[in-house]
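> below are the sequence and a predicted model for it; my questions follow.
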Amino acid sequence: MEFKGANILSVEQFSIEDIRTILRVAETMEPYALPQKKTRVLEGAILGNLFFEASTRTRLSFGAAFNRLGGSVRDVVGFQFSSMAKGESIYDTSRVISGYVDILVVRHPQEGSVLKFAQATNIPVINGGDGAGEHPTQALLDIYTVYKEKEKNFDKLNGLKIGMIGDLKHGRTVHSFSKLLSLFEDMKFIFVAPEQIQIPDKIVNQIKNAGHAVIQTDKLIEGISDVDVVYVTRMQEERFNEKENFSSYQGYYTINRQIYDKYCYPQTIIMHPLPRDSRPQSNELDNDLNNYKNLAIFRQTDNGVPVRMALFALLLGVVDKIQETESNVQWYVPS
Amino acid sequence: MEFKGANILSVEQFSIEDIRTILRVAETMEPYALPQKKTRVLEGAILGNLFFEASTRTRLSFGAAFNRLGGSVRDVVGFQFSSMAKGESIYDTSRVISGYVDILVVRHPQEGSVLKFAQATNIPVINGGDGAGEHPTQALLDIYTVYKEKEKNFDKLNGLKIGMIGDLKHGRTVHSFSKLLSLFEDMKFIFVAPEQIQIPDKIVNQIKNAGHAVIQTDKLIEGISDVDVVYVTRMQEERFNEKENFSSYQGYYTINRQIYDKYCYPQTIIMHPLPRDSRPQSNELDNDLNNYKNLAIFRQTDNGVPVRMALFALLLGVVDKIQETESNVQWYVPS
Amino acid sequence: MEFKGANILSVEQFSIEDIRTILRVAETMEPYALPQKKTRVLEGAILGNLFFEASTRTRLSFGAAFNRLGGSVRDVVGFQFSSMAKGESIYDTSRVISGYVDILVVRHPQEGSVLKFAQATNIPVINGGDGAGEHPTQALLDIYTVYKEKEKNFDKLNGLKIGMIGDLKHGRTVHSFSKLLSLFEDMKFIFVAPEQIQIPDKIVNQIKNAGHAVIQTDKLIEGISDVDVVYVTRMQEERFNEKENFSSYQGYYTINRQIYDKYCYPQTIIMHPLPRDSRPQSNELDNDLNNYKNLAIFRQTDNGVPVRMALFALLLGVVDKIQETESNVQWYVPS
């Protein structure tokens, strides 16, 4: 795809070459994300950071990424958007706000709504999550994480074995990430979940049609004992309906130090899209793993910044101009 | 008036020369608003953007305007301002916050409250809307819009014929804009509304005393068939009281493609302060006009940025310094 | 203490030399806070300004201070932090957000919670108030205020006589400030409050053990008639429990012009941490004193900016680099 001026709406829009481009650019963003260096490339540019559904971490990650490129951020937060309450269409809202800013990030509780935002404006729009729909930047930071953990060798992403654990029905992260991984070759997916909250058939078929191996099971051990990556997810309480009976799944799987040491390869990395549910009755990923070097969950969230910087730089066409205004950071940064 | 250090509280404070100044400066802001160029003239300056009543579009427009001049923005949003809930006076709130920032924009649900903010501080204060009171920057962007649509010929604003349609009782925008237009010569106003929500006599008298023609009617056709500008407004549901019976006026007038083509001059422009109510039962301005070149409503909202930039530059005395730090924008901007 | 990279969690962490350092650096920040000059020393740096409990003035003061140093600010406001509601631990929240920013300010309703934030990250964390716990930056701006009112002579802080009036039980400001003052020599404290809301014994013992004089009384006159500083506080309605019966203390003490003129020395200064409760039935500090030169309450709140700038500059290690990027402010600043 041509990135300059484009929208990021769904993982389905990417080719394997697009992924390669994004990872390559994200890598060049690392010094500015850490930060060791700073740049003023987007000085004067404005991000409209529209979160019609609360998601503090994602909002901050996008905002910080834009700041690290030198730009300014205008935030909208909250369920009640006054104009929309007065009968304003998404078309008008998008068109009006796009007159104030250079690029939009939109998170919205309603599936498909971000596409409507994009259709109403000619500035780039990035989907920050639309209900049960997509969350493409999470999938991109996930794949960037695997890439970095695998010695930054893009080809080593082929042949990956990954176990995905937990609420695979409601977790859109798993859906988006699986589709992205399917762009590579010879993958093996092990989906571990109770039958009622297993991954939708539609996703499984898409993966199989792309020529990859799929195992579905409710046994934790099968998903963690012969894989490169264990991808743990939270039981998404807020998306369960009454019939689905959340409480019977809370705490269904727990991975802790003892289980990891007993069943996992010493090089298997553990990922989680966060937030993890650390309440004792949930605890899908125990705190006793916090200092394990293969626990990649915090490196993973850190990776959101360079990946989102890469997208901003690509969509706004400034990848080649970043170094022109760079200088070293002079304030204290912990090593 | 002397702009440097002044407050913008009401349209009644402006002379015709003041309007000329604001429009002239707004015009010079266009390259920085689009943006084709950027400036750092207010780098280091801080706007206190205080919205005690939600108004996302107005808040973003002011914030973006300040960012485009290189400044930083600190936002306050929400009905519950903790200190005020603890018995703090407006005087104290204003005085305290003005110790942190260089200029204040205040929106407040209570008429007259922004004046109180201004009285407590010596930094400039701009009224961003105070209840049923004033919204002077909306009126300024409205007149700037007519000016631009009329080939940027200030003298052509004289002799204007304008039809104002809808909820003329509760819509403070119509009140402020009418007062501003009355500064010009030989104007003709046609106010179209059901009798119960017609424009207040006080405004009509003010216009007539300034020597202009006024027609009041409830017939839509009279307000759109022989005018330069059709100014449509929303039925302001939230300001109706029970006795006024909102539902009997919802959808009372609709302008759409068929009506425009049949009754309007081909050069008549359509304005709307937005948000428009696009619910099927309301629909005062139909979406089928969205691509008509004479539909000025989105150019109108875009104009809010250069107009607000002009006010910031005038009040902070930097109009002549903007070019000193300017440079070309290097990121992608859609044409 | 070594400031670079440190946390500011409690006034108890400071030595008298630390206070001297902070006041000295705060003084050098004045030109940038007024602002007469601007600096870009923290251009590219990001403050995470996390207010899990509403406190608009404190949030704005920290944010403005960071902006005045050239940095960007990402705000979080609100009682409901979505991830925490989903079972996320403070450890995870802190670790995740610290991957986006360079320094954190945290205000939280729960005592001890800011310490937990600090333990989870290696970037500096500043306590912006944690429930009934600490509010160290308020105490620092209070002592900076006395220092400035006393001709900026650090040694003149020794031997100070101070009367503290009002709700001394719930007001953490009084607790923190008293502890800080105890670092000096030969102080005299007069605590004026009804017995039920007098200052806790623990604080009194701490002061006495440091060798200072303490008087506790419920008579206003004793606290204001022979002192250098009268420090008035608000009855903290929101922290009273039912048994404590707030209404019987509302309006218990009032200081106004008549009382000041009759009982105070002409050089006695009046301080208040703000907000003051200006409702007629409360009115601990009357508006008729607003123009008295010894009413220091607004100078006191203004002082929050240079003090917080000093902390940012110290913790991020840029005190010596501020002048490198400085220039004169060119916009209108009232004298």
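Noted; the coordinates are in hand.
> dump stretch A:265-276 to CSV, keeping only the CA atoms.
Taking Å, rounded to 0.1, in the frame of the first residue of the first chain, the C-alpha atoms of stretch A:265-276 are listed here in CSV:
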residue,chain,number,x,y,z
TYR,A,265,10.9,-24.3,26.6
PRO,A,266,13.5,-22.0,28.3
GLN,A,267,13.3,-19.6,25.3
THR,A,268,9.5,-19.4,25.0
ILE,A,269,8.4,-15.9,25.4
ILE,A,270,5.2,-14.8,27.2
MET,A,271,3.1,-12.0,25.7
HIS,A,272,-0.2,-10.4,26.9
PRO,A,273,-2.0,-7.4,25.3
LEU,A,274,-2.7,-6.0,28.8
PRO,A,275,-4.3,-5.1,31.0
ARG,A,276,-3.9,-8.4,32.8
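> tell me if that stretch is near chain C.
Yes - against chain C, stretch A:265-276 shows contacts by CB under 8 Å from any CB of the partner chain at A:274-276. All C-beta spots, glycine's among them, are computed from the backbone N, C-alpha and C.
> quick one: which of those sit in helices?
Among those, no member is found in helices (DSSP state H).
> of the residues you listed, which is the nearest to chain C?
Set against chain C, the nearest of those by CB to the nearest CB is residue A:275 (3.8 Å).
> burial of the closest one, as a residue count?
Applying other CB atoms under 10 Å in any protein chain shown, we find 22 other residues in the vicinity of residue A:275.
> who touches it in this structure?
By CB atoms under 8 Å, 6 or more residues apart in numbering or on different chains, the contact set of residue A:275 is A:57, A:234, C:83, C:86-88, C:92-93, C:96.
> 7 Å instead, please
Neighbouring residues of residue A:275 by CB atoms under 7 Å, 6 or more residues apart in numbering or on different chains: A:234, C:83, C:86, C:88, C:92.
> swap in residue A:35?
A:68, A:329, A:333, C:44.
> restrict those to those near chain B?
Among the contacts of residue A:35, not one lies near chain B by CB under 7 Å from any CB of the partner chain.
> in helices, which of these fall?
Those of these lying in helices (DSSP H): residue A:68.
> kindly state the domain boundaries assigned to chain A.
A:11-134+A:302-328, A:136-300 (automatic domain parsing).
> could I get the ones you listed as JSON lines with distance to residue C:194 and mean pLDDT?
Listed next are these as JSON lines, based on distance: least, CB to CB, whole Å; pLDDT from 0 to 100:
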{"stretch": "domain A:11-134+A:302-328", "distance to residue C:194": "42", "mean pLDDT": "94"}
{"stretch": "domain A:136-300", "distance to residue C:194": "42", "mean pLDDT": "95"}
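> follow-up on the earlier one: which of the contacts of residue A:35 lies closest to chain B?
residue C:44 (13.2 Å).
> for that closest one, give me its contacts.
Shown in contact with residue C:44 (CB under 7 Å, 6+ apart): A:35, A:38, A:329.
> in the sheet, who's paired with residue A:76?
Beta-bridge pairing for residue A:76 (DSSP bridges): residue A:50.
> distance to residue B:317 added to the domains of chain A, as JSON lines?
Converted to JSON lines, the domains of chain A look like this (distance: least, CB to CB, whole Å):
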{"stretch": "domain A:11-134+A:302-328", "distance to residue B:317": "21"}
{"stretch": "domain A:136-300", "distance to residue B:317": "42"}
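> most tightly surrounded among the ones you listed?
Mean neighbours per residue, mean count of other CB atoms under 10 Å in any protein chain shown, is largest over those for domain A:11-134+A:302-328, with a mean of 21.
> between the two ends of that one, how far is it?
35 Å (CA to CA, to the nearest Å).
> how far off centre is it?
13 Å (CA atoms, centre = their mean, to the nearest Å).
> and stretch A:133-152, by the same measure?
The answer for stretch A:133-152 is 7 Å, by CA atoms, centre = their mean.
> of all the domains of chain A, which one comes closest to residue C:116?
Proximity to residue C:116 (CB to CB) singles out domain A:136-300 among the domains of chain A, at 12.5 Å.
> relative to chain B, how far out is the nearest residue to residue A:195 once chain neighbours are set aside?
The shortest distance from residue A:195 to any non-neighbouring residue, by CB to CB, 6 or more residues apart in numbering or on different chains, is to residue A:218 (6.4 Å). Between residue A:218 and chain B the distance is 46 Å, computed by CB to the nearest CB, to the nearest Å.
> residue farthest from the centroid of chain A?
In chain A, counting by CA atoms, centre = their mean, residue A:86 sits farthest out from the average C-alpha position, at 32.8 Å.
> quick check: residues of chain A near chain C?
In this structure, chain A approaches chain C at residues A:35, A:38, A:54-57, A:60-61, A:63-64, A:67, A:234, A:274-279, A:282, A:298, A:301-302, A:305, A:329-334, judged by CB under 7 Å from any CB.
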